[in-house]
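Student: could you look at this predicted model? Sequence included:
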Amino acid sequence: MSRIRSAILASLAADSLSLGAHWEYDQARIARQLGRVTDLLPPALNDYHSGKGAGAQSHYGDQTLLLLRSVAGKGGFDLADFAARWRGVMEGGYAGYMDKASREALANFAAGRAPEQTGAATNDFAGAARMAPLLAVLSNDEEGLVNAARAQTLMTHGSPVIADGAEFMARAAAALLGGADMRGALDHAAAARYAALPAEDWLAFADMALTEDTPAAISRFGQSCGMQGAFLGVVHTVLKHEADPETGLVENVMAGGDSCARGLAIGMLFGARHGLGWMPERWLAPLAARPDIEAALDSLGV
């Protein structure tokens, strides 16, 4: 159970760690103005998350928390319940950043579409990255986990490659929870059949960059929100830093760009690989949502 708890906590802690430099693409500016980011910081380099403090979540992390609350409240995954909670927050004057996917999904809900049909026309990785809470209820059912990961993604992100990306991350996490190492877990996930994700090709491409520093590799892959660059960045980071996950998550921040989305997935995979005990308390103690996260996990028995 500790691996499941760790996967969820690490996913959200990684999102919060990334917040201070999120969506800053100039790696030199991150280093110059923030130094090496090893602690939770308030948003410091742009206005996307203005009003949030150190230990807060990005808008991606806030939606991950909504999924966790839904899972805890229902004792399982219920798309209708998650959709209702998501709409309640997003339509109720959400104070965080409202990205394109959220705006389009809200418009689709307003047009009367069911949550299976509300996903925006976007290939941003973030929809797939928020899936960690599903591990609390579906860790022993890989196909059920895959179906839930795809469904929660498609509610806001309608691109087939993003749904495939959610499936890949779900299969990798399931393999890690089953005792696989990182390479074995990623190979297991890549062996599935995907309609839109060239998983084996992308995995091989990421392998060729393992001798590079993580910021340099992610700069070359693409730092932005799109699926390909984010997927390659996640795979590179979890393979290169498997033995030192704390460094891996710091390097993800220093790489810049959409570090929050990458962090959600990287944290989940590291947590599922290593269990509890490796995350520094300086990441957990100031995490604003920690009491709610712990209470939800306690209620779920993980």
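Tutor: Great, that's in hand.
Student: show me what counts as buried in the helix or strand where R87 lies.
Tutor: Using DSSP states H and E, R87 maps to helix 79-90. Using 16 or more other CB atoms under 10 Å as the test for burial, helix 79-90 gives L79, D81, F82, A83, R85, W86, R87, V89, M90. Bear in mind the C-beta positions are built from the backbone N, C-alpha and C, glycine included.
Student: give me the pLDDT for the last one.
Tutor: Pointing back at M90 there. As predicted, M90 sits at a pLDDT of 96.
Student: equivalent analysis for the first one, please.
Tutor: Taken from the predicted model, the pLDDT recorded for L79 is 98.
Student: phi and psi next, for L45.
Tutor: Per-residue torsions, L45: phi -120, psi 0 (degrees, to the nearest 10).
Student: so who does R220 touch?
Tutor: Neighbour list for R220: A209, E212 [criterion: CB atoms under 8 Å, 6 or more residues apart in numbering].
Student: next one: it, what pLDDT does it get?
Tutor: At R220, pLDDT is 97.
Student: going forward, the N-terminal residue is numbered 5.
Tutor: New numbering, starting at 5: the last item is R224.
Student: so it versus G24, what's the distance?
Tutor: To G24, R224 is 23 Å away according to CB to CB, to the nearest Å.
Student: same check, this time on T122
Tutor: Taking CB to CB, one finds T122 at 32 Å from G24.
Student: before we move on, what about A195?
Tutor: Counting by CB to CB, the gap from A195 to G24 is 37 Å.
Student: so these two - more neighbours on which side?
Tutor: Set side by side, A195 and G24 show more neighbours around G24, with 23 against 10, by other CB atoms under 10 Å.
Student: if I look at the more buried one, how far off is M283?
Tutor: G24 is 17 Å from M283, by CB to CB.
Student: that older thread, give me the distance from the helix holding R91 to the chain's centre.
Tutor: Distance, stretch centre to chain centre, for helix 83-94: 19 Å (CA atoms, centre = their mean, to the nearest Å).
Student: shaky segments in this protein?
Tutor: By pLDDT under 70, the weakly predicted segments of the chain are 5.
Student: show me what the helix holding R91 is packed up against.
Tutor: For helix 83-94, the packing partners by 3 or more CB pairs under 8 Å, 6 or more residues apart in numbering; DSSP states H and E come out as helix 63-78, helix 104-114, helix 146-158.
Student: buried sites along the last one?
Tutor: Looking back up the chat, that one is helix 146-158. For helix 146-158, by 16+ other CB under 10 Å, it's E146, G148, L149, V150, N151, A152, A153, R154, A155, Q156, T157, L158.
Student: which stretches in the stretch 155-304 of the chain count as helices?
Tutor: Taking DSSP state H, counting those that start in this stretch as the test, the helices found in the stretch 155-304 of the chain are 164-181, 186-194, 203-211, 218-225, 231-244, 249-258, 263-278, 285-288, 294-304.
Student: quick one: contacts for Q37?
Tutor: Q37 neighbours (CB under 8 Å, 6+ apart): A48, L49.
Student: would you mind measuring from it to L139?
Tutor: Counting by CB to CB, the gap from Q37 to L139 is 35 Å.
Student: surely R294 and W287 touch.
Tutor: No: judged on CB atoms under 8 Å, R294 makes no contact with W287 at a distance of 9.8 Å.
Student: neighbours of the nearest residue to P284 once chain neighbours are set aside, how many?
Tutor: Spatial nearest neighbour of P284, excluding adjacent residues (CB to CB, 6 or more residues apart in numbering): E250 at 6.4 Å. Neighbour count for E250, taken as other CB under 10 Å: 16.
Student: then N144?
Tutor: Count around N144 with other CB under 10 Å applied: 11.
Student: now the angle between helix 63-78 and the helix holding R91, please.
Tutor: 130 degrees (axes from the mean of the first three to the mean of the last three CA atoms, to 10 degrees).
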